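Undergrad: Just the structure for this:
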Amino acid sequence: MIETKRLEIRPLTLNELEKHIKSPDDFAKDLGLIPSQSLIDEETKDAILNHLLPNLIDPSKDSLFYTMWILIEKNKRAIIGGICFHGEPDINGEVEIGYGIDVEYRNCGIMTETINALIKWIIENRKVRMIKAVTDIDNVSSIRVLEKNDFKICERTDKEVILKL
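TA: Residues are numbered from 1 along each chain as shown. The predicted structure is shown next:
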């Protein structure tokens, strides 16, 4: 687990991730937390079922790169978002991150704080040399969060922006 001033950033075990995807409310209640309002949409659910879970089951894989890390707001004891890797670092040491946060917690520095803490944690992983994030071209808030964490735009298409650190 990673801890910041306002957050606990906690990776889920295989059983926790399975329960979280099946019943987010029951999962949160089991942990004594308030559930997220918008964390598991259909796209996220599909990615978890078809990418994260099959790799999380594989004992040869580093589970921390194949699970969702939930963001727990310390004061309210609420799940307010999540962040994950899109797999282990590739042969060049590059790893991709994806994230989301409940609407009411946007634009208050929470995701900037989360990514900053994750960067500090990941620097300790010698296999990682570069972190990549891909976001919609019109998601100005996400681009700004990444830039605040020293990511640089390295590619721009009609639909998305690719940033790297």
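Undergrad: Give the residue spans of this structure that score low on pLDDT.
TA: 37-39 (pLDDT under 70).
Undergrad: need the longest helix for it.
TA: Identified as the longest helix of the chain according to DSSP state H is helix 110-123.
Undergrad: Next secondary structure after it?
TA: Along the chain past helix 110-123, the next helix or strand (assigned with DSSP states H and E) turns out to be strand 130-136.
Undergrad: The helix or strand just after that following strand vs helix 110-123, what angle?
TA: The helix or strand immediately downstream of strand 130-136 is helix 140-148, counting by DSSP H and E. Here helix 140-148 runs at an angle of 40 degrees relative to helix 110-123 (axes from the mean of the first three to the mean of the last three Cα atoms, to 10 degrees).
Undergrad: Which elements pack onto helix 140-148?
TA: The helices and strands touching helix 140-148, judged by 3 or more Cβ pairs under 8 Å, 6 or more residues apart in numbering; DSSP states H and E, are helix 110-123, strand 130-136, strand 160-164. Any C-beta I mention is one placed from the backbone N, CA and C, and that applies to glycine too.
Undergrad: Pull the contacting residues for L14.
TA: 53, 56-57, 63, 67 (Cβ atoms under 8 Å, 6 or more residues apart in numbering).
Undergrad: Just the buried residues from the residues you listed, in PyMOL please.
TA: Selection of the buried residues among the contacts of L14 in PyMOL, burial being defined by 16 or more other Cβ atoms under 10 Å:
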select buried, resi 53+56+63+67
